[in-house]
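>>> fold the following, please.
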Amino acid sequence: MKDYQKLRSGSDVRGVALEGIENEHINLTDEAVYDIVRAFVYYLSLKMNKSSFTIAIGHDSRLSAKRIEEKAVEALIDSGVYVKRCHLSTTPSMFMTTKLINTDAAIEITASHLPYNKNGLKFFTPSGGLEASDIKEILSYAEESRHINGTGHKEDLDFMSIYSKHLVDIVRNKTNEEKPLKGLKIIVDAGNGAGGFYAKDVLEVLGADTSGSQFLEPDGHFPNHIPNPENKDAMASISNRVKEVKADFGIIFDTDVDRAGAVDDLGEEINRNRLIALISAILLEEKTGGIIVTDSLTSDGLTEFIKEKGGIHHRFKRGYKNVIDESIRLNNEGNYSPLAIETSGHAALKENYFLDDGAYLITRLLIKLAELNKKGLKLRSLVEDLKSPLEAVEIRMNFDTSIDFTSYGLNILEDLKTYAKENNLSLTPNNYEGVRIDFDKDSGDGWLLLRMSLHDPIMPLNIESNVEGGARIIASKLLVFLKQYNFLNKTNLENYLK
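Below is the predicted model of the structure:
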C-alpha cells in the first residue's frame with residue numbers, strides 16, 4: 001500500500017525531490033505528486049459539492065519545480081480542471097488568485113527555506129491555506145487512489161504582474177501619490193528565490209531607486225545564502241549591502257515570499273521582536289486596542305511596547321498556523337485582533353485575509369516609510385523605545401531517538417511545572433506552549449522557555465536576560481533540574497555554561 005502520510009509536514013506536503021544529499025532519497029516522486037494532486041481535487045469536490053474547478057498553480061525557484069509542475073498539471077487536467085499555470089510565483093500570490101481572478105483553489109510548489117533537494121505542495125481555497133487535518137485527509141485519499149475523472153485544459157498566465165499591480169495600487173491608494181517612494185533608495189535581497197519581482201515590479205514602479213539590490217535572479221541552488229530572514233548569514237548579507245550602497249531601507253524575503261525581514265538605513269536588522277514591534281506600532285496607531293498575537297518566543301520588552309502603543313500582546317504557540325488561527329478565533333469572538341505574527345517573519349494581517357505574505361507586510365511598512373520621509377523622519381523612529389534584552393540565547397537539546405520523545409518530553413515539562421512551584425519559581429501566567437519561568441533581578445533578571453520542537457526529537461531552550469551573565473545564571477538553574485533525565489542530551493547546555 002502507498003504510504004503518503006510520511007510526506008505530511010504540518011499543513012503542507014513536503015519531501016525529498018532531488019538526489020544529492022547522502023541518505024536522502026526521493027520520496028516526492030512523480031507518482032506521489034500525481035496521486036496527491038488528484039486527491040486534492042477529489043477533496044475539493046466533497047467540500048464544495050461540485051466537480052468542475054478552476055485551479056491556479058505556481059512554483060518557487062527550486063530545481064525540482066518544473067518536474068513537479070508537469071505532473072501536477074497532468075493530474076489536474078486528468079481531473080477535468082481548468083488550469084491557470086502561473087509558473088514562477090510566490091506562495092501568497094497563489095492564494096490571491098482566489099481573490100483577484102476568482103479561482104476555486106490554488107497550489108504552490110515550494111518547501112520554503114528547506115535545503116535545495118526538498119520540495120512540496122501547499123494548497124489554498126478562498127478561505128485560506130489548508131489545515132494539518134485537511135492534508136492528512138488528502139493524503140489518505142491519495143493512498144486509496146480516490147479521484148474524479150475529466151478532461152481539463154490549461155492556459156499560461158502571468159499572474160505575478162496582476163499581483164504586483166495589486167500591491168502598487170494599495171500603496172498609491174494609501175498615499176494618494178503616483179510615485180510616493182521617489183527619492184528613496186530601497187534595495188531587495190531575494191536570496192535567488194521568488195521575490196526578485198518586488199524590486200522592479202513594485203518598488204521601481206512606485207519611484208524607488210533599487211540599484212544595489214542583489215540575488216534577484218531565481219536559482220534553486222541558492223548559491224549566495226539561504227533565503228531565510230532568520231538566517232544570520234542572510235541578514236548579514238542584506239545589512240552589509242544597505243551600508244555599502246547607503247540605502248534608506250533593505251528588504252529580504254524567504255524562498256517563496258511568505259516571510260520577510262528588513263534592515264534600516266543604519267544597517268540594523270528589523271526582524272524578530274523588532275519587526276513585530278514595527279508593524280504593531282503602525283497598526284495600533286491606526287486603531288488602538290488591538291490584540292497582537294505572536295508565538296511563544298517573544299520578549300517581555302515587546303509586551304511592554306505593545307501595551308504602551310495601546311494594544312494587548314497575546315503570546316501563543318509556535319507555528320504560523322497556530323498564531324493565525326488564534327487571531328481569527330479572537331476576531332470571531334468579537335475581540336479585535338489585527339495581526340498574527342511569528343518571530344520567524346510569518347505575518348498575517350486581518351485586513352489581508354489573514355494571509356501570511358512577506359510582500360504585503362513590506363508594502364505596509366513602505367507606506368509608513370513614505371509618510372515619515374516627508375516629515376524628515378526614519379522608520380526606525382517608531383521602535384526606538386522598544387526595550388531589547390541584553391542577552392538572548394537558544395540551546396537545542398536532542399532526545400535519545402530510541403524512545404517516544406513526545407511523551408517523554410511532555411513528562412519533563414509537567415515535572416518542571418511541579419519543580420517550579422516547589423522551589424518558588426515564577427511560572428509565567430497565560431503561557432500556551434512549554435514552560436515559561438520568570439526570574440527576578442537576583443536570579444538572572446529574565447526568563448526561560450523550555451518547549452518541544454513542533455516536528456523533531458528536540459527540546460529547544462530559549463533564555464533572555466536584562467543583565468550581563470544573567471542568561472548563564474538562568475541556564476545553570478535549569479541544568480540542576482534536567483540532570484535527572486538521561487534520555488535528554490544536555491551537552492549543548494553544559495557547553496554553554498563552561
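>>> all strands of the stretch 151-300 of the chain, in order?
Listed in chain order, the strands found in the stretch 151-300 of the chain under DSSP state E, counting those that start in this stretch are 153-156, 186-189, 249-253, 260-263, 269-270, 291-294.
>>> how about the helices in the chain?
Assigned by DSSP state H, the chain shows helices spanning 30-48, 65-78, 91-100, 132-143, 159-175, 197-198, 232-245, 273-286, 300-308, 320-332, 358-374, 405-422, 470-482, 491-497.
>>> show me what the shortest one is packed up against.
Read that as helix 197-198. helix 159-175 (3 or more C-beta pairs under 8 Å, 6 or more residues apart in numbering; DSSP states H and E). All C-beta atoms are positioned from the backbone trio N, CA, C, and that covers glycine.
>>> can you list contacts of the helix it packs on?
56, 58, 84, 86, 88-90, 93, 96-97, 100-101, 178, 180-181, 197-198, 201-202, 205-206, 359-360, 363, 366-367, 370-371 (C-beta atoms under 8 Å, 6 or more residues apart in numbering).
>>> between it and helix 91-100, how big is the angle?
80 degrees (axes from the mean of the first three to the mean of the last three C-alpha atoms, to 10 degrees).
>>> buried set for helix 159-175?
Neighbour-count burial for helix 159-175 flags 159-160, 163-164, 166-168, 170-172, 174-175 (criterion: 16 or more other C-beta atoms under 10 Å).
>>> tabulate these (TSV), appending distance to residue 42 and pLDDT.
Converted to TSV, the buried residues of helix 159-175 look like this (distance: C-beta to C-beta, whole Å; pLDDT from 0 to 100):
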residue	distance to residue 42	pLDDT
159	25	98
160	29	98
163	28	98
164	33	98
166	31	98
167	34	98
168	38	98
170	36	98
171	40	98
172	42	98
174	42	97
175	46	97
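>>> pLDDT of stretch 235-249, averaged?
Average pLDDT, stretch 235-249: 98.
>>> which parts of it are buried?
Those would be 235, 237-239, 241-242, 247-249, for stretch 235-249 by 16+ other C-beta under 10 Å.
>>> ranking the helices of the chain by burial, who's on top?
Most buried of these by mean neighbour count (mean count of other C-beta atoms under 10 Å) is helix 197-198; its value is a mean of 26.
>>> quick check: mean pLDDT of that one?
Per-residue scores along helix 197-198 average to 98.
>>> contacts for that helix?
90, 160, 164, 188, 190, 251, 253, 257, 359, 362.
>>> rewinding a little: single out the most deeply packed of the strands of the stretch 151-300 of the chain.
By mean count of other C-beta under 10 Å, these have strand 249-253 as the most buried, with a mean of 30.
>>> could you export that one as PDB, CA atoms only?
Extracted in PDB, the C-alpha atoms of strand 249-253 (Å, rounded to 0.1, in the frame of the first residue of the first chain):
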ATOM      1  CA  PHE A 249      15.800  50.600   3.500                       C
ATOM      2  CA  GLY A 250      16.700  47.000   2.800                       C
ATOM      3  CA  ILE A 251      14.300  44.100   2.300                       C
ATOM      4  CA  ILE A 252      14.900  40.300   2.400                       C
ATOM      5  CA  PHE A 253      12.500  37.600   1.500                       C
END
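>>> returning to that earlier point: closest one to residue 12 among the helices of the chain?
Judged by C-beta to C-beta, the one of the helices of the chain that comes nearest to residue 12 is helix 132-143, at 6.9 Å.
>>> distance between that closest one and the chain's centre?
Computed by C-alpha atoms, centre = their mean, to the nearest Å, the chain-centroid distance of helix 132-143 equals 23 Å.
>>> can you redo the buried residues of stretch 235-249 as CSV with distance to residue 319?
Converted to CSV, the buried residues of stretch 235-249 look like this (distance: C-beta to C-beta, whole Å):
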residue, distance to residue 319
235, 22
237, 27
238, 26
239, 28
241, 31
242, 31
247, 33
248, 34
249, 29
